[in-house]
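In: Sequence below, structure please.
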Amino acid sequence: MTLKGVLKLLLLSADEIAVAVFIFVVLPGFGVDVPLKVSVPLLVLLLLKDILIAPYVLGGGLEKRPLTGPEALIGMEAVVVEDLSPEGIVKVGNELWRGVCLNGRAKRGEKVRIVGFRGNLLLLERPES
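Out: A predicted model of the protein is given here:
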């Protein structure tokens, strides 16, 4: 897990940590004992809430890739329709796009990876052989 993921997990668990410290440390310091029949179900309920929202926070559910436009194509594979020397035409799904090969030339029928875009021109790379 990355540092960013660990920080997200800690922030996600902050309410459980705060409630646990309050129930088990602060309140007993003032002479108030909360029964385990109350404190444990409360903490379990808070943990269940985190389990339900964790996929959206930790799994990138809130940081989804765009589904349209050239940004959505980055990382996808395209098939060369017109030789890329270095510029030509590629087919992505059922669409034809103009593209430029950044690392040499690609012949018709070869597969290239979309790594970016400049306007409506796709930036392409041949796979390393």
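
In: Residue most distant from the centroid, this protein?
Out: Here the chain reaches farthest from its C-alpha mean at residue 31, the gap being 46.4 Å by CA atoms, centre = their mean.

In: SS state for that residue?
Out: Assigned state for residue 31: coil (three-state reduction, DSSP: H, G, I helix; E, B strand; the rest coil).

In: From residue 20, how far out is it?
Out: Counting by CB to CB, to the nearest Å, the separation of residue 31 from residue 20 is 19 Å. In short, each C-beta sits where N, CA and C put it, glycine included.

In: Show me what the helix ranked longest in the chain packs onto, helices and strands only.
Out: Criterion DSSP state H: the longest helix present in the chain is helix 36-58. Applying 3 or more CB pairs under 8 Å, 6 or more residues apart in numbering; DSSP states H and E, one finds that helix 36-58 contacts helix 3-12, helix 14-21.

In: now those in CSV, with mean neighbour count and distance to residue 128?
Out: Listed next are the helices and strands packed on helix 36-58 as CSV, based on neighbours: other CB atoms under 10 Å; distance: least, CB to CB, whole Å:
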stretch, mean neighbour count, distance to residue 128
helix 3-12, 12, 28
helix 14-21, 13, 44
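
In: and of those, who's closest to residue 87?
Out: Smallest distance to residue 87 across the helices and strands packed on helix 36-58 (CB to CB): 37.4 Å, for helix 3-12.
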